[in-house]
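Enquirer: this one's sequence-less:
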């Protein structure tokens, strides 16, 4: 594993501070509102009933808001690229930092791959002729060449936009989110004007198992507010405000999902829901008695795909960038584009993975949702633990946004976040009412097996704290020099070394304090 000295092409340029408040809010909200609200809503309603599904989303959104409060305080205190990577490194040390970062990167990549499959699925609703030139069947899902190439084209375009610069991506995100909300407003208007409460009966289905059957999807549907911390170093607003937008974005997404569930169930009844692949689009068509309106909602779904895809690609690339600059991953991931100063190599790596997903067909949608959710919750749990550790160990740490005030209420919020996340993790385990199938566990296990190969190469005994990253870089440099047969001087004693040279070439956050 190379130390960051190999990333010398960056020459200390760092990331640009170009994101304003509307960019930040659009990134967080757009990341959460992807395509799931179009393709999965019917399943939620048939699993728990309209009110049962809406209640599960409201409860899940409340849990995510509590988790978001811990993020809000930490991002305001440490507004650096990489989010979880920085919080865990300071609170728990290098290996725990890697585990939390690897978990959330895994979650992000599953969603990026999900959107690469969701795009052709939605386009096929409008243009069914793309289902041509059959390639093969996977788990009962037919895969067509033209269908898959639509997903490939989307992956290329979204990756290219992000390489061009985060400001370009932020502007695209803002306009697409506005269009998405216009579609949502039309769906809500149709529900009030033409919806029928009789379609919503029965309001609850399958009792507790139905409720938890929807709850297990919550982490996947709400992942994205944490993209704001990933991009914090590129935010051009006060750190305190960055933290506030984390929580606001969660509340907006919660209201959106509850609205979509209730509006969809008012438009079509249980029989129609059971036979619908895209229930929300069919409900829109029924509410306005227009096939054109159904296709317009699909356009909104495509907008959601683009916003989520854009945001999660942005977040995953920043985390890989931060991990590589700490020496946890190969320095190749830390290279910035010479002109746009974006983590181009990390972006291309994730983009390449998303190119493969469409060739596995629609069956991948459910597998990706279920395989990414446990990793996401693991990361959230670790951030809650880091929040509590830093509250106790560093009470005088500068916190521009202090959750819960000066008393112990903030620690109560952190403890509640940990307990709720632990409870969510148990829902995925075999024997539970909402246990996930073996295919997602296989994807989950493969991701963590790969992560184990990297985490075992991180030196033991690196103490957490402000200088943990410098110590990690130093230890990795010593190891590298030992392999070359030359012992380097001690960085922490202020003597010149290869790591010192690397530090001069890193962005300011990575230099010596």
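Expert: Perfect, I can see it now. Everything numeric in this text was worked out from a predicted model, so none of it was measured.
Enquirer: neighbours of residue 458, just the number please.
Expert: By other C-beta atoms under 10 Å, 20 other residues sit near residue 458. Yep, even glycine has a C-beta here, placed from its N, CA and C like the rest.
Enquirer: May I have the phi/psi pair for it?
Expert: When read as degrees, to the nearest 10, the backbone of residue 458 gives phi -80, psi 130.
Enquirer: Please apply the same query to residue 138.
Expert: phi -130, psi 120.
Enquirer: Now it: closest residue in space, sequence neighbours ignored.
Expert: residue 361 (4.8 Å; C-beta to C-beta, 6 or more residues apart in numbering).
Enquirer: can I assume that neighbour is in contact with residue 117?
Expert: Yes - with contacts counted by C-beta atoms under 8 Å, residue 361 reaches residue 117, the gap being 7.5 Å.
Enquirer: higher neighbour count, those two?
Expert: For residue 361 versus residue 117, the count of surrounding residues by other C-beta under 10 Å is larger for residue 117: 29 against 23.
Enquirer: helix, strand or coil for that one?
Expert: Three-state assignment for residue 117 (DSSP: H, G, I helix; E, B strand; the rest coil): helix.
Enquirer: Repeat that for residue 329.
Expert: What three-state DSSP gives for residue 329 is coil.
Enquirer: Tell me how many other residues surround it.
Expert: The burial count for residue 329: 24, using other C-beta under 10 Å.
Enquirer: ok, for it, nearest residue in space, not its chain neighbours?
Expert: Using C-beta to C-beta, 6+ apart, the closest residue to residue 329 is residue 323 (4.6 Å).
Enquirer: how about the one you found, what does it touch?
Expert: 82, 85, 98, 101, 105, 329, 333 (C-beta atoms under 8 Å, 6 or more residues apart in numbering).
Enquirer: again, only this time at 10 Å
Expert: For residue 323, the contact set (C-beta atoms under 10 Å, 6 or more residues apart in numbering) comprises 82, 85, 89, 97-98, 101-102, 105, 329-330, 333-334, 346, 454.
Enquirer: For the residue nearest to residue 138, which residues are in contact?
Expert: 117, 120-121, 135-144, 147-148.
Enquirer: how about a cut-off of 8 Å?
Expert: Contacts of residue 361 by C-beta under 8 Å, 6+ apart are 117, 137-139, 141-143.
Enquirer: swap in residue 85?
Expert: By C-beta under 8 Å, 6+ apart, the residues touching residue 85 are 97, 100-101, 319, 322-323, 326.
Enquirer: Just the buried subset of the contacts of residue 323, written out for PyMOL, thanks.
Expert: In PyMOL, a selection of the buried entries from the contacts of residue 323 looks like this (16 or more other C-beta atoms under 10 Å):
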select buried, resi 82+85+89+97+98+101+102+105+329+330+333+334+346
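Enquirer: now the longest helix anywhere in the chain: how far from the chain's centre is it?
Expert: The residue-count maximum for a helix in the chain (DSSP state H) belongs to helix 291-325. Here helix 291-325 is found 10 Å from its chain centre; the criterion is C-alpha atoms, centre = their mean, to the nearest Å.
Enquirer: Could you do stretch 451-459 as well?
Expert: Distance, centroid of stretch 451-459 to centroid of chain: 23 Å (C-alpha atoms, centre = their mean).
Enquirer: before we move on, back to that, and the longest helix of the chain, what's buried?
Expert: Buried, per 16+ other C-beta under 10 Å, within helix 291-325: 293-294, 296-298, 300-325.
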